[in-house]
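Undergrad: This is the structure alone, sequence omitted:
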């Protein structure tokens, strides 16, 4: 046995098996851009006029699908869209609608249903999909009062001020904005002491163990959520505004985007299949993985000036309201020199607190990274939780123990791949806090390394590698940078910055 193996085995005998814990991490990302949700709806339109470069208003009649038990009940909802636009636009610059206001007139039948359920107040989030002649779909998001009282009779008018995503003007000509699908999320506050409270709420307030007596109705609010999908009449004129776009500004600003050089994007940026309402974006990902059985942490990016791996995302390909949250789904892939893996790294750990163990580590993505972002929509700070899941394969090679090569052979590997979930948390405020998909930040998780097989050239080293490396609890901390959208670079952070890994 070589000196390296003898020293390793000596450590095993004296300290128990603690070894080379490697850990692979992969990215996530995720998001919340408040996307535009299209749905089942029919509308008769009544336009009050489109005036380019001024405040505009468009009134439409939407047909919305309200839940009614296990069925969907379609009702007509009058919607007024208001916003301000610049008088003209310039190719290469952005149009930023301002003063966005969405007004929805809920029909008496739906308001009566809210009253029957015991609702005393309602909070509303509205997301309007807006299609442009620049072949992009953006979202306008509005929020109504935090707790608007439900009237005793008649309908309910909800006024939701909001904001619109900017649109890059690609070419000269005209830029047209047209209303599309509308999604409403109603969160009603009910009181079990109110007349007409639902039997379920009454039973809940009287149940033992909830801190209330059966003879004393609870006065605490019992929130209930309703998600509503709406769409305009296919024969309606849904044009909100038409803006003339020139090839150059009459009074060009020296710092305008038109005079800036085109950003140099990294090779492979945005190379991912786009489905649904997704957008192809990319960002850099770096990080560290500590070791459960060894002392030390492995960097998951090469030494500077080499760049870390990219992560390409099909960002916000679909979304839905569920349990009072806006749930958005994205798909991502790693990209390092055209391969779906993190860069190979050379890392050194301490076995038994004194034996240096050095190895080359490669983490490969085996399945597309599925990203689910859940964001609160009812009140600031709109907390977000992003979960990214995939399966990864871990490979090690060129192992040295105290500077002496350990001949593990070319086929040494774990017996199987392993699942990995990374979680990021943040707040969807301006500016964002913590982690959001578009602005980046820290993502963390834990990885289990399976037992090893086919290790050793002249002897079986499987037990040694398994005892020293395999096991659970290997902590991964990744840092994702801000994202860049190659098709709309001015609407993102391009070129994508390289994040400083958090550890």
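TA: Structure received. In this text the structure is predicted, and so the values were computed from the model without any measurement.

Undergrad: Next up, the contacts around residue 486.
TA: Neighbouring residues of residue 486 by Cβ atoms under 8 Å, 6 or more residues apart in numbering: 265, 269, 270, 280, 281, 282, 494. From N, CA and C alone the C-beta is placed, and that goes for glycine too.

Undergrad: Quick check: the two most widely separated of these?
TA: Spatial extent of the contacts of residue 486 (Cβ to Cβ) is set by the pair 280 and 494 at 12.5 Å.

Undergrad: for the chain, which spans come out with low pLDDT?
TA: Filtered on pLDDT under 70, the chain yields the residue ranges 1-53, 69-70, 134-135, 191-223, 248-262, 324, 377-380, 430.

Undergrad: May I see the domains of it written out as residue ranges?
TA: 3-33+277-491, 44-197+221-246 (automatic domain parsing).

Undergrad: before we move on, the earlier item: want to try CSV for the contacts of residue 486, with distance to residue 168 as columns?
TA: As requested, these are exported to CSV (distance: Cβ to Cβ, whole Å):
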residue, distance to residue 168
265, 15
269, 17
270, 15
280, 15
281, 14
282, 17
494, 11
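
Undergrad: Inside strands: which ones of these?
TA: Counting by DSSP state E, these place 280, 281, 282 in strands.

Undergrad: If you rank those residues by neighbours, which is first?
TA: residue 281 (34 neighbours; other Cβ atoms under 10 Å).

Undergrad: OK, contacts around that residue?
TA: Residue 281 makes contact with 270, 312, 313, 315, 438, 483, 484, 485, 486, 492, according to Cβ under 8 Å, 6+ apart.

Undergrad: Looking at these, which is nearest residue 93?
TA: residue 492 (14.9 Å).

Undergrad: for that closest one, phi and psi?
TA: phi -130, psi -170 (degrees, to the nearest 10).

Undergrad: who touches residue 154 in this structure?
TA: For residue 154, counting by Cβ under 8 Å, 6+ apart, the contacting residues are 108, 111.

Undergrad: Kindly report the same for the one 3 residues further on.
TA: If you count contacts by Cβ under 8 Å, 6+ apart, residue 157 has them with 103, 104, 105, 106.

Undergrad: So which of the residues you listed are in strands?
TA: Short answer: the contacts of residue 157 in strands (DSSP E) are 103, 104, 105, 106.

Undergrad: Closest one of the residues you listed to residue 414?
TA: residue 104 (55.0 Å).

Undergrad: wouldn't that closest one be in contact with residue 75 here?
TA: No. Assessed by Cβ atoms under 8 Å, residue 104 is found out of contact with residue 75, at 11.4 Å.

Undergrad: Across the sheet, point out what pairs with residue 231.
TA: residue 63 (DSSP bridges).

Undergrad: nearest to residue 353, of the contacts of residue 157?
TA: Distances from residue 353 to the contacts of residue 157, taken as Cβ to Cβ, are shortest for residue 104 (65.3 Å).

Undergrad: Does the nearest residue to that closest one once chain neighbours are set aside fall in a helix, a strand, or a coil region?
TA: Leaving aside its sequence neighbours, residue 104 sits nearest to residue 158 (Cβ to Cβ, 6 or more residues apart in numbering; 4.8 Å). Under DSSP: H, G, I helix; E, B strand; the rest coil, residue 158 falls in the strand class.
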